[in-house]
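Asks: Pasting a predicted model and its sequence here:
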2 protein chains.
Amino acid sequence: MGSLPSEVFSPLDTNIYSKESHAMVDFIADYYRHIEQYPVRSQVKPGYLSKILPDTPPIFSEPIDTILEDVKKDIIPGLTHWQSPNFYAYFQANASTAGFLGEMLCSGFNVVGFSWISSPAATELESIVMDWMAKMMKLPSMFLFSGGQGGGGVLHGSTCEAVVCTLAAARDKALSKIGHDSITKLVVYASDQTHFTVQKASKIIGIPTSNFRALPTCSSSYYALTADTVRKAMESDMAQGLVPLYLCATVGTTAVGAVDPLFELGQLAQEFDVWLHVDSAYAGSSAICPEFRNYFDGVELADSISMNPHKWFLTNMDCCCLWIKNPYLLVDSLSTNPEILRNKASDAKVVVDYKDWQVTLSRRFRAIKLWLVIRRYGVANLMEHIRSDVALAEHFERMVNMDDRFEVVVPRKFSLVCFRLKPKFEACEEANNYSKLNRELLEDINNSGRAFMTHAVVSSTFVIRFAIGTTLTKKTHVEETWKLIQSKATDLLNRKYTK
Amino acid sequence: MGSLPSEVFSPLDTNIYSKESHAMVDFIADYYRHIEQYPVRSQVKPGYLSKILPDTPPIFSEPIDTILEDVKKDIIPGLTHWQSPNFYAYFQANASTAGFLGEMLCSGFNVVGFSWISSPAATELESIVMDWMAKMMKLPSMFLFSGGQGGGGVLHGSTCEAVVCTLAAARDKALSKIGHDSITKLVVYASDQTHFTVQKASKIIGIPTSNFRALPTCSSSYYALTADTVRKAMESDMAQGLVPLYLCATVGTTAVGAVDPLFELGQLAQEFDVWLHVDSAYAGSSAICPEFRNYFDGVELADSISMNPHKWFLTNMDCCCLWIKNPYLLVDSLSTNPEILRNKASDAKVVVDYKDWQVTLSRRFRAIKLWLVIRRYGVANLMEHIRSDVALAEHFERMVNMDDRFEVVVPRKFSLVCFRLKPKFEACEEANNYSKLNRELLEDINNSGRAFMTHAVVSSTFVIRFAIGTTLTKKTHVEETWKLIQSKATDLLNRKYTK
């Protein structure tokens, strides 16, 4: 028999909690105050940390001050600073005070709302906030709980989870008619610009990799998927006895911010009886502004739509909204009703049990974070936030256009500018060299530590992606970064062509 | 063209961040100070919140004080208080100051470490801390990065994600030999006590539900799965042309804390060439104490093992450790290498890219939370924490045994006591009534708001689960709760049998 609990070790002692949490607030505030001093993309070499940290855990407790000193000394140099105002890579993960406060509440309450009864407020606030978001985005009522047509939304951690779940729902609906043996006949459609998460999700749920179609797009349609391409692919597959299952359309692709034509694809999806999912992970946030809402026309024909407030909606990681017209299909596919979780409210079927709307059982109270962001800032400020990022991108695009050594490769729609160095003097006008040139330019910029961008390749063209959206980015940062890009380009061209 | 950003709306202004975050620390400290005053299981009725909250989001920003007042007034009554010292339901999700601080850092940095380059410290700290945890649990070296045999670990959000990923790896390894058409022949084995997440995961990855075996356990083996039962099931399936794929063994089942015999099951798994996964979501934490480590003997024969620090290791939600002997199988199944994420370090294959070890692309910096918990408390305190919870459970078990109206139904191994009311006087000695009686008793206890427990049914016997592990639970809480149980039992028996 062990000893009874000592009163000495009290890991939730309120006084210690307060003291150390206040110290942590100051530490993080200090981090934000100095964030511009750090190289944006970490400059460490692989394996740097195991050379510094002990390879065994400490036996005895260490004071928080010591640990925070180590965070400063050992961890911060190894971070790529996503909150740096000069972070223009991937798509941003924009943090905010309200998002941070929401995470604090989520972590402080530390409730697990898998079933309604396990924390009713967690479930009910999530349903309410999903309807709020849907209203902000002007989604059709069939996606809302309050729409009275059976629809509703759920918060996942990531788009991949949303795609896995909707794919599983679509798959099980199809297999219930044609038998499980036909799983190898099911085909998933996307474009060569669709996020790779769809291909991964498709593989996870058991679709053969040979049954995933990354349909070609081209520059003439600005890398949007055309209904004609999809129709031909589906007809060709059906002719071979395959069964079209699921089509993913994107509003705001990762590489270049392309927008697939939802209305045309939606009509096609209905004609072929395939599940249409709309992935608007990044650009979904823009739908709250009327001037961008047109990109979502046709969403009423979709079966589901997802977007990530953790990208461009001031909501700290993680937070992905998924709305679905027929959530019962999700529940049919993902529900479990073990005795151990049975309770009166669930048995009476009068509540939502979100465990049946997602992969995992455990879930964090993300709704309170999104609710806090929306309330603290309000719709007007959130619209302003989107518009100001887009205005900054327009500003950047104009500057690129004014320097005739550069070109904007794909017309900008949101806050992502895709450009490249394409000097017009003879020595470097061999098309094949541009990719190499821009790769070097990007490497020079990122190695400087003063900004971080990533790239894409479309139609064999290497482009530099300049994604605006980090919360701290102001006009001065964009202008300074443009000067940095220009100067690195000048250096590079001098180095290469004026020997 | 929109207007350029106004300087007025600054959602990461450091002064506002500091002021509001300090206020939130005080708010949460206040919550913990008063947590015993709230009903443990929320007493609200379904739909309570939509009657209170507006059905549209606010147009303009609201002050944090107003929002926090609403949290107190509208949200807290709808919470089931997982951090209440009188929460004995499910398995706990025990929070700590260090866990909370770790979440603050994770959310404050808000980096997304999907690839090494996207935040090297996030990846490297995760690998280091996974080795630390493995060493604390005395896992065999083949599960460690530093073991030199190719093994390693990753942090997921939940066991279900760990099971989906390992199942997908096992499936794809098998199908690469026998062809994708054979997916309908693959069979997954678990016991009737295994967490339902395995059945769900199996369905998600495309295994027909008819190919999932929930093999029977019985009271004589204390609800552990026997190798003999598994062997017979596998032989029977093979005789029908099916292919055994994956066996999940559990250390510390959800219903009664049963422990499957890892060594025997491991030998069998090797003989039949099936993937053995060990789920120790709850009891895994106990492996850091030598006196519980014997339950993990045989884990060296497993292909993978998972446990959740967010359950019993003072680590706030969410955090699930998964170790795997051959991570390349995970990567084979889950990797994606889109151009957009290509970078020198990944191309050179000298780094871990955790995106290929999990379902999602996005991932939070959970490693810093687990690292902070381990450093702040140290191994000695963490062992003490496990031991004191187990000692409290022993204490509770003794009290149950001393009241001859009650019985302990399944011998206790960790900090979970499964008991029931079984009064020995004639009027209620009809076995069929005990389940009804205990269901009523549990409802009476939970309706009191003074404690929250859940139930399980084993061998048709309804048992009340008393799971100890919430951070604030002290001996006085357990003793008071036992008095509450006794008094509710007395009331119930009087009400029913002394008319």
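Replies: Cool, the structure landed.
Asks: quick one: contacts for residue A:187?
Replies: Residue A:187 sits next to A:207, A:211, A:212, A:213, A:234, A:237, A:242, A:243, A:244, A:245 when contact means C-beta atoms under 8 Å, 6 or more residues apart in numbering or on different chains. (Glycine included, C-beta is placed from N, CA and C.)
Asks: Show me what it is bridged to.
Replies: residue A:244 (DSSP bridges).
Asks: State the distance from it to chain B.
Replies: Using C-beta to the nearest C-beta, to the nearest Å, we find residue A:187 at a distance of 13 Å from chain B.
Asks: returning to what we had before: tell me the one among the contacts of residue A:187 nearest to chain B.
Replies: Nearest to chain B among those, counting by C-beta to the nearest C-beta, is residue A:207 at 7.7 Å.
Asks: secondary structure class for the closest one?
Replies: Three-state assignment for residue A:207 (DSSP: H, G, I helix; E, B strand; the rest coil): coil.
Asks: My understanding was that it contacts residue A:186; is that so?
Replies: Yes: the criterion here is C-beta atoms under 8 Å, and residue A:207 meets it with residue A:186 at 5.6 Å.
Asks: Contact partners for the residue in chain A that chain B sits nearest to?
Replies: At 2.1 Å from chain B, residue A:206 is the closest residue in chain A, using C-beta to the nearest C-beta. Residue A:206 makes contact with A:171, A:183, B:171, B:183, B:205, B:206, B:207, according to C-beta under 8 Å, 6+ apart.
Asks: Residue A:229 against residue A:216, yeah?
Replies: Yes: using C-beta under 8 Å, residue A:229 is in contact with residue A:216, at 6.8 Å.
Asks: Spatially, which two of the contacts of residue A:206 are the most separated?
Replies: Farthest apart among the contacts of residue A:206 by C-beta to C-beta are A:171 and B:171. That separation is 14.7 Å.
Asks: Residue A:402 - how many residues pack around it?
Replies: When counting by other C-beta atoms under 10 Å in any protein chain shown, one arrives at 9 neighbours for residue A:402.
Asks: Also residue A:381?
Replies: Neighbours of residue A:381 using other C-beta under 10 Å come to 18.
Asks: so it sits right up against residue B:10, yeah?
Replies: No: between residue A:381 and residue B:10 there is no contact under C-beta under 8 Å: 10.2 Å.
Asks: mean confidence for stretch A:367-374?
Replies: For stretch A:367-374, mean pLDDT is 98.
Asks: and the longest helix along chain A with chain B, contact?
Replies: The residue-count maximum for a helix in chain A (DSSP state H) belongs to helix A:366-402. Yes: using C-beta under 8 Å from any C-beta of the partner chain, helix A:366-402 reaches chain B at A:368, A:372, A:374-381, A:384-385, A:387-392, A:394-395.
Asks: what touches both of residue A:207 and residue A:186?
Replies: A:171, A:245.
Asks: Least confident secondary structure element in chain A?
Replies: Taking mean pLDDT, DSSP states H and E as the measure, chain A has helix A:344-347 as its least confident helix or strand, at a mean of 87.
Asks: Give me the contact list for that one.
Replies: Residues outside helix A:344-347 that contact it (C-beta under 8 Å, 6+ apart): A:115, A:116, A:117, A:337, A:351, A:353, B:46.
Asks: which stretches of the stretch 251-400 of chain A form helices?
Replies: A:262-272, A:290-293, A:309-312, A:327-334, A:344-347, A:366-402 (DSSP state H, counting those that start in this stretch).
Asks: Contacts only, for residue A:178.
Replies: Neighbours of residue A:178 in contact, by C-beta under 8 Å, 6+ apart: A:185, A:243.
Asks: What of the one 3 residues further on?
Replies: Residues in contact with residue A:181 (C-beta under 8 Å, 6+ apart) are residue B:184.
Asks: so it sits in a helix?
Replies: Yes: counting by three-state DSSP, residue A:181 is found in a helix.
Asks: In chain A, where is pLDDT below threshold?
Replies: Across chain A, the ranges flagged by pLDDT under 70 are A:1-7, A:425-432, A:499.
Asks: any chance you could map the strands in it?
Replies: A:152-156, A:186-191, A:212-215, A:243-250, A:275-279, A:304-307, A:320-324, A:406-410, A:416-421, A:454-458, A:461-467 (DSSP state E).
Asks: Could you point out which of those sits nearest residue B:311?
Replies: When the strands of chain A are ranked by proximity to residue B:311 (C-beta to C-beta), strand A:152-156 comes first, at 21.3 Å.
Asks: Find the nearest non-adjacent residue to residue A:358, please.
Replies: residue A:156 (5.8 Å; C-beta to C-beta, 6 or more residues apart in numbering or on different chains).
Asks: Would you list the phi and psi of the nearest residue to residue A:355 once chain neighbours are set aside?
Replies: Setting aside the residues directly before and after it, residue A:355 is nearest to residue A:114 in space (C-beta to C-beta, 6+ apart), at 4.0 Å. Reported as degrees, to the nearest 10, the phi and psi values for residue A:114 are phi -70, psi -40.
Asks: My guess is residue A:114 contacts residue A:354. True?
Replies: Yes: the criterion here is C-beta under 8 Å, and residue A:114 meets it with residue A:354 at 6.7 Å.
Asks: Spit out the residues that contact those two alike.
Replies: In contact with both residue A:114 and residue A:354: residue A:363, using C-beta under 8 Å, 6+ apart.
Asks: Kindly provide the distance from the nearest residue to residue A:35 once chain neighbours are set aside to residue B:437.
Replies: Once flanking residues are discounted, residue A:35 sits nearest to residue A:84: 5.3 Å by C-beta to C-beta, 6+ apart. The gap separating residue A:84 from residue B:437 is 62 Å, by C-beta to C-beta, to the nearest Å.
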